[in-house]
Each structure stands twice: as C-alpha cells, then as structure tokens.
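# could you work out the structure for the sequence below:
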Amino acid sequence: QVQLVESGGGLVQAGGSLRLSCAASGRTFSTYAMGWFRQVPGKEREFVAALYWSGGGARYTDSVKGRFTISRDNAKNTVYLQMNSLKPEDTADYYCAAGTYGLSSYSHQYSYWGQGTQVTVSS
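Just a heads-up that it's a prediction; the model follows:
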C-alpha cells in the first residue's frame with residue numbers, strides 16, 4: 001500500500017521558515033518524480049516544486065524560486081520542501097505527490113497523494 005505522509009506545517013510569521021517533510025512508503029519510487037502542490041480553499045491545486053527521486057533535476061513555480069528548495073533523502077525515503085522568506089500568500093494546504101510524467105506541473109499527472117499539511121503565514 002503506497003503512502004505519502006506530510007508533516008511540518010504550522011503557523012509562522014511572514015519572513016519565517018518552515019520545512020515540510022513527505023515520508024514515502026509502499027513501493028520503490030526511484031523512477032518517479034516527487035512534487036509539492038498547494039491549495040487554498042475554493043481555488044485549484046497549484047504546482048509548487050518537483051524533483052526526480054533519482055536526482056538530476058528540479059523545477060519550481062516562479063513565485064517560490066529563490067525562497068523554496070525541494071530535496072530528498074534516499075535513506076529515509078523522504079522528500080522535503082524548505083520554505084524560507086515566507087509570505088502571507090504562501091498560506092495553503094501543502095500536498096506531496098508522486099508521478100511518472102517527469103517534473104510535471106499538472107496535478108492529474110501524479111498518481112499518489114498525501115493527505116496534506118496546513119501552512120499559515122501571518123502578516
């Protein structure tokens with residue numbers, strides 16, 4: 001049974017940092033891309049960042065470039081999203097996902113999803 005479990009969300013002041021974790025289990029993800037998406041109630045799920053589990057590339061949406069970093073720890077089967085210089089507009093539920101369509105920004109191209117973790121950035 002494939003599981004993606006996010007953690008690390010919370011409340012932070014603008015300018016602060018959070019690190020989200022996504023623990024993956026249930027299959028081998030070496031051929032997968034791992035993505036982070038976020039969603040605000042009433043809006044569509046938005047691509048944030050993605051990387052190849054095997055290494056060799058990462059992709060970010062423009063609004064987080066220079067502030068967010070996606071990384072992985074193969075030994076722990078965990079993907080991270082380090083979020084620095086947080087802004088109130090980063091407030092959302094953040095989701096981890098796994099898919100085989102490369103560093104896609106389209107949520108429908110990801111096969112597995114976590115349950116989400118909430119991030120709130122106060123001004």
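
# spit out the contact partners of Tyr60.
48-49, 68, 70 (CB atoms under 8 Å, 6 or more residues apart in numbering). In short, each C-beta sits where N, CA and C put it, glycine included.

# meant to ask about Ala58, not that
Counted by CB under 8 Å, 6+ apart, Ala58 has contacts 49-52, 70, 103.

# biggest separation within the residues you listed, which pair?
Ala49 and Tyr52 (12.0 Å; CB to CB).

# could you find the closest non-adjacent residue to the residue most central in space within the chain?
By CA atoms, centre = their mean, the chain has its centre lying nearest to Trp36, at 2.3 Å. Distances taken as CB to CB, 6 or more residues apart in numbering put Val48 closest to Trp36, at 4.3 Å, once the chain neighbours are dropped.

# hang on, the one you found packs against Thr61?
Yes: at 5.7 Å, Val48 counts as touching Thr61 under the criterion of CB atoms under 8 Å.

# so between the two, which is more surrounded?
Legend: neighbour count by other CB atoms under 10 Å for Val48 and Thr61, higher for Val48 (24 against 16).

# which ones are touching that one?
Applying CB under 8 Å, 6+ apart, the residues contacting Val48 are 35-38, 60-61, 64, 68, 81, 94.

# quick one, which of those residues are buried?
35-38, 60-61, 64, 68, 81, 94 (16 or more other CB atoms under 10 Å).

# and the two most separated of those?
Tyr60 and Tyr94, at 13.9 Å, using CB to CB across the buried ones among the contacts of Val48.

# about what we covered before: taking the buried ones among the contacts of Val48 one by one, which sit in strands?
35-38, 60, 68, 81, 94 (DSSP state E).

# turn those into TSV, including distance to Val119 and pLDDT.
As requested, these are exported to TSV (distance: CB to CB, whole Å; pLDDT from 0 to 100):
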residue	distance to Val119	pLDDT
Gly35	16	97
Trp36	11	98
Phe37	12	98
Arg38	8	98
Tyr60	16	98
Phe68	11	98
Leu81	10	98
Tyr94	6	98
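
# just the closest of those residues to Gly10, please.
Looking across these and measuring by CB to CB, the closest to Gly10 is Tyr94, at 11.0 Å.
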